[in-house]
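Novice: Show me the folded form of this:
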Amino acid sequence: MILKILRKKFLEREIKKRLKDRLPIHEGRPLRTLGVVINAMEFKQVEVFENLANVLHILNKDIKIIYYKEENINLPTLEQNSFTPKDFNWKGLMTKPAILEFLDREYDVFICYSSADSVFIDFIVSQAKATLKVGLDGANAALFDLIFKIKTNQYDLFEKELTKYLQIINKDNKN
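Specialist: Okay, here's the model as predicted:
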């Protein structure tokens with residue numbers, strides 16, 4: 001119990017520290033990379049994000065997706081790309097190599113498809129190196145540049161709105 005409390009405190013401290021070191025918003029270059037973290041407890045339709053990459057003209061090799069799940073959920077094909085609270089040590093450090101590799105990459109757009117308040121997801125979002133971070137209503141607003149007031153079951157609306165806003169951002173940055 002004490003270790004869980006310590007881990008949570010360390011994670012919260014690291015999140016606050018990372019908020020100060022944010023990258024500037026999109027620099028007007030074309031979108032080439034997309035990172036996505038999905039809360040598997042709320043949303044299970046993974047293939048829609050590969051479709052989103054096609055809509056945004058991002059190559060399949062340049063989209064990286066990871067999943068947050070509780071220990072009792074079974075996603076066998078996604079096991080290496082998933083993380084649980086057990087993948088954090090008591091100091092709040094991520095211990096899973098596949099997730100560390102995900103966090104080492106730089107992304108033009110990073111999407112957190114979760115409306116749950118989770119310190120574990122917040123940590124991943126705060127560690128992601130991205131010029132534009134997009135989240136959903138209910139998430140920690142300090143971590144994102146753009147938040148949609150959309151529920152996780154409204155994916156079609158999310159995709160439509162995201163593409164609209166990304167087109168606006170790209171037009172503004174080209175002038």
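Novice: and the longest helix seen in the chain, average pLDDT?
Specialist: Longest helix in the chain, counting residues (DSSP state H): helix 155-174. Helix 155-174 carries an average pLDDT of 81.
Novice: Can you point out the buried residues in stretch 111-118?
Specialist: 111-115, 118 (16 or more other CB atoms under 10 Å). To be clear about C-beta, it is placed using only N, CA and C from the backbone, and glycine gets the same treatment.
Novice: model confidence over that stretch, on average?
Specialist: For stretch 111-118, mean pLDDT is 91.
Novice: the strands in this protein, which residues?
Specialist: 34-39, 63-68, 82-83, 106-113, 129-136, 146-148 (DSSP state E).
Novice: out of those strands, which comes closest to L93?
Specialist: Of all these, strand 82-83 sits nearest to L93, with 12.3 Å by CB to CB.
Novice: In terms of pLDDT, where does the nearest residue to E42 once chain neighbours are set aside sit?
Specialist: Nearest-residue entry for E42: T152, 4.4 Å, with adjacent residues in sequence omitted and distances by CB to CB, 6 or more residues apart in numbering. At T152, the pLDDT value in this model is 90.
Novice: on that earlier part again, possible to save the strands of the chain as TSV with distance to N89?
Specialist: Listed next are the strands of the chain as TSV, based on distance: least, CB to CB, whole Å:
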stretch	distance to N89
strand 34-39	20
strand 63-68	17
strand 82-83	13
strand 106-113	22
strand 129-136	22
strand 146-148	30
